[in-house]
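In: from the sequence below, what's the structure:
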Amino acid sequence: MPTLDLELLRSFAAVVSHQSFAAAAVHLGRTQSAITQQMQRLEEQIGPPLFAKQGRQKRLTQHGERLLTYAHHMLAVNDEALRSLRQGQLEGNLRIGAPHDVAETMLPLLLTEVARTSPLLQLDIHIGRSPYLMTSLKSGEVDMIISNRADAQFDGVVLRNSPTVWLCAAGYVHDPAKPVPLIMADGPSIFRRIGHEALDAAGVAWTPRYTSSSLIGIKAALRAGLGVTARGVEQLDAGLRVLGAGDGMPRLPDLAYYLYVRSHVVNPVTRQVFETLKKHLRLPRTDMPA
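Out: Below you'll find the predicted structure:
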């Protein structure tokens, strides 16, 4: 029985992921004709066609869908074997920081990937506010952080783009005729800044109602019905709801969450883990609630 070519499968997966032969070629650093030839060779190995024309686009056939499942599995096993053999078993201590906002969402996924690829590493987890975590990273108190602030002084990769929304208690009664009572973090806060900017740009009056040094305090004030806050959609739960344009509230910008290490970091453990995460950890976008 012939053996499937992993390079052909990798190109096949790229074509499906990027939705065209041309985009897959750019991603893989090859020509479009080379990708076309690879897909022809793969179809020769499989037998039935993998793609069918649908207007000007190509869609997967039933055999293509089945092959894609196997391709993902085979490539994952191959890549895991290579990582294990090339890296060996990394040992040592890795200090990872994350803001409270994503400590229960993004951080567990990152920790799972680190533990999977480097099971002997001892992880030291720091939870705090993004600006303070970035100061700790710069001073070397932590090795790697998640942050929602763009900063070119660090090496970074985007983990996720996430909507920012106006949150209030589920039973909160919003009156667009009155100034918006804001619940915000004290000190430096990107959510406070973008909230103020959005309201001012839209000509919506607001008043400071409550401040807190922690996300726990902000959510307590929200649940108590004391006002409204700008926050990532990850904070939405059964006790809260989103205010939108229908309530007279302006749209807020999405925020990118980055994984950062210090530029030119010399610690081989940190650098190796970071490079592995850059290649294999891509968190799906958090969508707005329906």
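
In: gap between residue 16 and residue 50?
Out: When distance is defined by C-beta to C-beta, to the nearest Å, residue 16 is 9 Å away from residue 50. Placement of C-beta: from N, CA and C, glycine included.

In: common neighbours of the two, please.
Out: The overlap between the contact sets of residue 16 and residue 50 (C-beta atoms under 8 Å, 6 or more residues apart in numbering) consists of 60, 64.

In: quick one: the helices in the protein?
Out: In the chain, the segments counted as helices under DSSP state H are 6-18, 21-28, 32-46, 62-87, 106-117, 130-139, 190-202, 215-223, 268-280.

In: how about the CA coordinates for the shortest one, as CSV?
Out: By that I understand helix 21-28. C-alpha atoms of helix 21-28 as CSV (Å, rounded to 0.1, in the frame of the first residue of the first chain):
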residue,chain,number,x,y,z
PHE,A,21,-4.4,27.7,-3.7
ALA,A,22,-3.0,31.2,-4.1
ALA,A,23,-3.2,32.1,-0.4
ALA,A,24,-1.8,28.7,0.6
ALA,A,25,1.1,29.3,-1.8
VAL,A,26,1.9,32.6,-0.1
HIS,A,27,1.6,31.0,3.4
LEU,A,28,4.0,28.2,2.4
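
In: buried set for it?
Out: Within helix 21-28, the residues scored as buried using 16 or more other C-beta atoms under 10 Å are 21, 24-25, 28.

In: contacts only, for the nearest residue to residue 72 once chain neighbours are set aside.
Out: Taking C-beta to C-beta, 6 or more residues apart in numbering, and ignoring the residues beside it in sequence, residue 72 has residue 13 as its nearest neighbour in space, at 6.5 Å. Neighbouring residues of residue 13 by C-beta under 8 Å, 6+ apart: 68, 71-72, 75.

In: in TSV, list these along with neighbour count.
Out: TSV is the format used below for the contacts of residue 13 (neighbours: other C-beta atoms under 10 Å):
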residue	neighbour count
68	18
71	21
72	14
75	15
